[in-house]
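Asker: Here is a sequence together with a model predicted from it:
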Amino acid sequence: MKRNRVRSVPRVEAGGESLISSAGGALLLQTAVVSGLAGGLSRGLAPWRADRAVHDPGKTVLDLAVAIALGGDCLSDLALVRAQPELFGPVASDPTVSRLIEALAADPETTETAIAAIRAARAQARQRVWSRVDPWAGQDCPVLDLDATLIDAHSEKEAAAPTFKRGFGFHPILAFADHGPAGTGEPLAALLRPGSANANNAADQIAVLDAALAQLPEPVRDRVLVRADSAGGVKDFLAHVHELGLEYSVGIGARQPVLDALAVLPRQAWRAALDADGCPRAGAQVAELTRWLPASFTGWPPGMRVIARREEPHVGAQLRVTDIDGWRITVFATNTRTGRLADLEVRHRLRARAEDRVRTLKDTGATNLPLQAFAKNQIWLELAQLAAELLVWTQLLAWPAHPARRWEPKRLRLRLLTVAARVITTSRRRILRLNSRWPWADLITGGHQRLAALT
């Protein structure tokens, strides 16, 4: 009987072979060209290019974003891109990159100008990408989700402070475009704040919302649905959304007026709740409280509806003080006038997808803010958003109808981005040749062909 022999481990050595270990990065570069992002960054950051400088600041920022998209989490990880000049071209050295970040964050006014230039390039690229593939296909209206998160700091960084979860770091507010069940979503705006900042600060929420709307193409801005958790249930913030003429769906805390309305709500007012797929949800009901709210519930924008949902808590769940008769109660507000209560409640509950967007942004450079100065970390957060957008735009343009459009960064890197290839030059053309046995080789080459057709 023939026995399988254990293959010995091959000897490892470094050589001069023309090999690329991040061949999937070519997809990101093609996306940067198709979207116009590469040119937009070069034009926007041109004021920071010194006389006789070798490296373009716009390309350096793009190289940093590509490095972050490939899994980098600090400036020195740009070495991953620098080591592959056959694919990424000349890349600035670490001292040059440090000097650029220093220049972009020289003072508050310079930092604001630099961030505005990067955001302008992002907005122009987003409009171009969305003009080629509609990310909102199948949705009633574009959805913009606001959410705050905590980013830990493991050293004494500028403006880092204790958080409400007894940690130490930062508490940024983020805004995302939700592409719905057919896709993922992309970051639109971020406001970096100390860890001690409140989640329900109306001024900060308004600033993030306005910055997010500025990222959207003009025809989209006036038909957006703004979603947020209970941190968004603030009078001044909802008044601003109302003045903009937008719809909203935000959580509301169980304040005493809400509890009073629940106490007098007729039993027959409750209706069956639905699952996300539209099927009845066992043990869950919804009802509108607007008619039963007391006169003390004032100061909110006109046309606001308050809707409650009650559900039997799962086994082991601890009830809160505001839960009534063993029911877990959640309340949200909306100014949408049409639609069944159950559908409006499902729409609001899908706000939980924002948690997925936060997780993917943290997986793309935002888990840790690696720099000491607050202004430099503001720049870094913009780079992380840029990297996340490169990934999402590549998915949207290269695989609009494939499940790969919904893959999160970890899976994208494992299967498509960090794949090895050999650089071959023939007939004055350079070719990246993948291993034909790679399980996703056809997906990579197909994505390249689709992006090339859009160039």
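Answerer: Here it is on my side, so go on.
Asker: Give me the buried positions along stretch 437-445.
Answerer: Within stretch 437-445, the residues scored as buried using 16 or more other Cβ atoms under 10 Å are 438, 440-441, 443-444. (Glycine included, C-beta is placed from N, CA and C.)
Asker: Could you work out the end-to-end span of that stretch for me?
Answerer: End-to-end distance for stretch 437-445: 13 Å, by Cα to Cα, to the nearest Å.
Asker: can you list contacts of it?
Answerer: Contacting residues not belonging to stretch 437-445 are listed as 23-24, 27, 399, 402, 404, 415-416, 419, 434-435 [Cβ atoms under 8 Å, 6 or more residues apart in numbering].
Asker: Which of the residues you listed has the largest number of neighbours?
Answerer: Among the contacts of stretch 437-445, G24 has the most neighbours (other Cβ atoms under 10 Å), with 27 neighbours.
Asker: on that earlier part again, if we only consider the buried residues of stretch 437-445, which is nearest to V306?
Answerer: L443 (46.9 Å; Cβ to Cβ).
Asker: That closest one: what secondary structure?
Answerer: Under DSSP: H, G, I helix; E, B strand; the rest coil, the three-state class of L443 is helix.
Asker: Quick check: which ranges of this protein have low pLDDT?
Answerer: Where the chain drops to pLDDT under 70, the residues are 1-8, 11-16, 315-325.
Asker: quick one, domains of it?
Answerer: Split into domains by automatic domain parsing, the chain comes to 19-107+371-454, 135-362.
Asker: Between the two ends of the last one, how far is it?
Answerer: By that I understand domain 135-362. End to end - Cα to Cα - domain 135-362 spans 22 Å.
Asker: Start at 20, not 1
Answerer: Sure, I'll start counting at 20 from here, so that last one is domain 154-381.
Asker: Spatially, what comes nearest to the most centrally placed residue in the chain if we skip its sequence neighbours?
Answerer: Centroid check for the chain by Cα atoms, centre = their mean gives P206 as the closest residue, at 3.3 Å. Nearest non-adjacent residue to P206, counting by Cβ to Cβ, 6 or more residues apart in numbering: Q404, 4.3 Å away.
Asker: ok, the residue nearest to the centre of the chain to R430 distance?
Answerer: Distance, P206 to R430, using Cβ to Cβ, to the nearest Å: 19 Å.
Asker: Contact partners for the residue nearest to P206?
Answerer: Contacts of Q404 (Cβ under 8 Å, 6+ apart): 141, 206, 209, 380.
Asker: Restricted to strands, list the residues you listed.
Answerer: 206, 209 (DSSP state E).
Asker: Which one of the contacts of Q404 sits in the busiest neighbourhood?
Answerer: Counting by other Cβ under 10 Å, P206 has the largest number of neighbours within the contacts of Q404, with 27 neighbours.
Asker: from what I can see that one touches L193, true?
Answerer: Yes. Counting by Cβ atoms under 8 Å, P206 touches L193, with 6.4 Å between them.
Asker: shared neighbours of those two, anything?
Answerer: 376, 380.
Asker: Give me the phi and psi for I348.
Answerer: Note on I348: backbone dihedrals following degrees, to the nearest 10 are phi -110, psi 130.
Asker: An error on my part: the question was meant for F351.
Answerer: Torsion angles, degrees, to the nearest 10, at F351: phi -140, psi 160.
Asker: Beta-bridge partners for it, please?
Answerer: Legend: beta-bridge partners of F351 under DSSP bridges are G270, I326.
Asker: check contacts around it.
Answerer: Applying Cβ under 8 Å, 6+ apart, the residues near F351 are 252, 268-271, 325-326, 328, 364, 367.
Asker: Nearest to S54, out of those residues: which one, please.
Answerer: Nearest to S54 among the contacts of F351, with distances taken as Cβ to Cβ, is S268, at 30.2 Å.
Asker: Which neighbouring elements make contact with the helix or strand hosting that closest one?
Answerer: S268 belongs to strand 266-271 when assigned by DSSP states H and E. When contacts are defined as 3 or more Cβ pairs under 8 Å, 6 or more residues apart in numbering; DSSP states H and E, strand 266-271 packs onto strand 244-247, helix 254-262, strand 347-353, helix 360-368.
Asker: Buried residues of it, list them for me.
Answerer: Buried residues in strand 266-271 (16+ other Cβ under 10 Å): 266-271.
Asker: now, which of these sits nearest G297?
Answerer: Distance to G297 across the buried residues of strand 266-271 (Cβ to Cβ) is lowest for S268, with 17.7 Å.
Asker: picking that back up, quick one: residues in contact with the strand holding S268.
Answerer: With Cβ under 8 Å, 6+ apart as the criterion, strand 266-271 contacts 160, 243-252, 256-257, 260-261, 277, 325, 349-355, 363, 366-367, 370.
Asker: again, 6 Å this time
Answerer: 244-249, 251-252, 260, 350-355, 367 (Cβ atoms under 6 Å, 6 or more residues apart in numbering).
Asker: what angle do it and helix 254-262 make?
Answerer: 170 degrees (axes from the mean of the first three to the mean of the last three Cα atoms, to 10 degrees).
Asker: Walking through the stretch 320-469 of the chain, point out its strands one by one.
Answerer: In order along the chain, the stretch 320-469 of the chain carries the following strands (DSSP state E, counting those that start in this stretch): 324-330, 347-353, 440-445, 448-453.
Asker: my bad, should have said the stretch 20-169 of the chain
Answerer: Here the stretch 20-169 of the chain has its strands, by DSSP E, counting those that start in this stretch, at 38-39, 162-167.
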